[in-house]
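Asker: Any chance you can model this:
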Amino acid sequence: MTRERPDSATTKVERHRNAKRHKGMKRVRIWVPDPNAPGLKEEAERQAALLRGAPEELEALRFIEAVGWPDD
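Answerer: Sure, this is the predicted structure:
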């Protein structure tokens, strides 16, 4: 009597990806800043200071508030 071998991890991942594709989803990879990178905090603070008080900042904040979590 032969036993059926369980699916390999690769097969499970491929089935999962195929199911997502079938539902109209697309896999995307993005690069994001490393929070542990030297100088990242200083650069983020520099960019925030440039934006502070600008009309673009207010527009972005209004958008975030509009689409964010509802108030409790």
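
Asker: Helix, strand or coil: sort out the spatially most central residue of the chain for me.
Answerer: Compute the mean C-alpha point of the chain, and by Cα atoms, centre = their mean the closest residue is residue 30, 7.9 Å away. Three-state call for residue 30 (DSSP: H, G, I helix; E, B strand; the rest coil): coil.

Asker: what's the answer for the one 3 residues further on, then?
Answerer: The three-state assignment at residue 33 reads coil, by three-state DSSP.

Asker: Rounded mean pLDDT for stretch 26-42, please.
Answerer: On average, the pLDDT along stretch 26-42 is 95.

Asker: any residues touching that stretch, and which ones?
Answerer: 17, 20 (Cβ atoms under 8 Å, 6 or more residues apart in numbering). (Each C-beta comes from the backbone N, C-alpha and C, glycine too.)

Asker: Let's see that with 7 Å instead.
Answerer: residue 17 (Cβ atoms under 7 Å, 6 or more residues apart in numbering).

Asker: can you give me the end-to-end distance of that stretch?
Answerer: End-to-end span of stretch 26-42 (Cα to Cα, to the nearest Å): 35 Å.

Asker: could I have whichever strand or helix holds residue 14 exported to PDB, CA atoms only?
Answerer: Per DSSP states H and E: residue 14 is located in helix 9-22. What follows is helix 9-22, C-alpha atoms only, in PDB (Å, rounded to 0.1, in the frame of the first residue of the first chain):
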ATOM      1  CA  ALA A   9       5.900  23.900   0.500                       C
ATOM      2  CA  THR A  10       6.500  24.900  -3.100                       C
ATOM      3  CA  THR A  11       3.400  23.300  -4.300                       C
ATOM      4  CA  LYS A  12       1.300  24.900  -1.600                       C
ATOM      5  CA  VAL A  13       2.700  28.300  -2.400                       C
ATOM      6  CA  GLU A  14       2.000  27.800  -6.100                       C
ATOM      7  CA  ARG A  15      -1.600  26.700  -5.400                       C
ATOM      8  CA  HIS A  16      -2.000  29.800  -3.200                       C
ATOM      9  CA  ARG A  17      -0.700  32.100  -5.900                       C
ATOM     10  CA  ASN A  18      -2.800  30.500  -8.600                       C
ATOM     11  CA  ALA A  19      -5.900  30.900  -6.400                       C
ATOM     12  CA  LYS A  20      -5.100  34.600  -5.900                       C
ATOM     13  CA  ARG A  21      -4.500  35.100  -9.700                       C
ATOM     14  CA  HIS A  22      -7.900  33.400 -10.300                       C
END
